[in-house]
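**Q** got a structure for you, letters missing:
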């Protein structure tokens with residue numbers, strides 16, 4: 001009987017902790033679904049600049065990440081095949097933006113992992129701060145009108161798969 005009570009207490013505390021974590025993450029998010037995507041210009045790894053306004057008319061997945069972040073690393077391992085290659089030739093842009101890192105740090109990370117897809121740099125966190133105050137990875141899915149239609153915080157296989165389905169649905173509307 002005591003073990004059952006301890007088990008129930010443990011489940012309760014884990015659930016409470018998860019809910020508290022979700023509330024904290026929601027408070028850390030400065031934009032919400034339905035908002036216009038904040039305006040920004042990001043310098044890409046190759047030196048080019050991308051203005052988010054120029055991507056209107058395309059579906060954009062903005063991904064904030066960092067080289068030191070294990071969940072970010074897990075997510076990025078799936079991006080080339082399951083997002084970039086899958087949606088190639090469609091009105092879709094994957095816009096990965098590293099948070100608070102130098103070009104040199106990103107260069108080492110790209111080389112180590114063999115990544116060749118475009119990556120943006122936000123070394124002073126100026127772009128990230130338009131979207132949130134903490135927690136990565138973060139994904140913001142933006143429709144062709146420039147509206148945020150989905151927000152994902154953290155990484156799980158399930159949430160990543162759901163994000164892919166959301167992109168597919170948006171592209172079906174073409």
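**A** In hand now; what should we look at? This one's a predicted model, so the numbers in the text were calculated from it and none came from an experiment.
**Q** Check the secondary structure at the closest residue to residue 109 other than its chain neighbours for me.
**A** Nearest residue to residue 109 in three dimensions, chain neighbours excluded: residue 67, at 4.1 Å (CB to CB, 6 or more residues apart in numbering). (Glycine included, C-beta is placed from N, CA and C.) Following DSSP: H, G, I helix; E, B strand; the rest coil, residue 67 is assigned to coil.
**Q** same thing with residue 96?
**A** Here residue 96 is strand, with the state taken from three-state DSSP.
**Q** Is the residue most central in space within the chain within a helix or a strand, and which one?
**A** Centrality entry for the chain: nearest residue to the mean C-alpha point is residue 139, 2.3 Å, by CA atoms, centre = their mean. Secondary structure from DSSP states H and E places residue 139 in strand 138-142.
**Q** just the helices in this structure please.
**A** In the chain, the helices defined using DSSP state H lie at 2-28, 70-79, 103-113, 157-172.
**Q** buried residues in the shortest one?
**A** Buried positions in helix 70-79, judged by neighbour count with 16 or more other CB atoms under 10 Å: 72, 73, 75, 76, 79.
**Q** which one among these gets closest to residue 131?
**A** For those, the closest approach to residue 131 (CB to CB) belongs to residue 72, at 15.1 Å.
**Q** got a list of what the closest residue to that closest one other than its chain neighbours touches?
**A** Leaving aside its sequence neighbours, residue 72 sits nearest to residue 65 (CB to CB, 6+ apart; 3.7 Å). Going by CB atoms under 8 Å, 6 or more residues apart in numbering, residue 65 touches 72, 75, 76, 96, 97, 98, 99, 136, 137.
**Q** Find the nearest non-adjacent residue to the last one, please.
**A** Right, residue 137. Using CB to CB, 6+ apart, the closest residue to residue 137 is residue 72 (4.4 Å).
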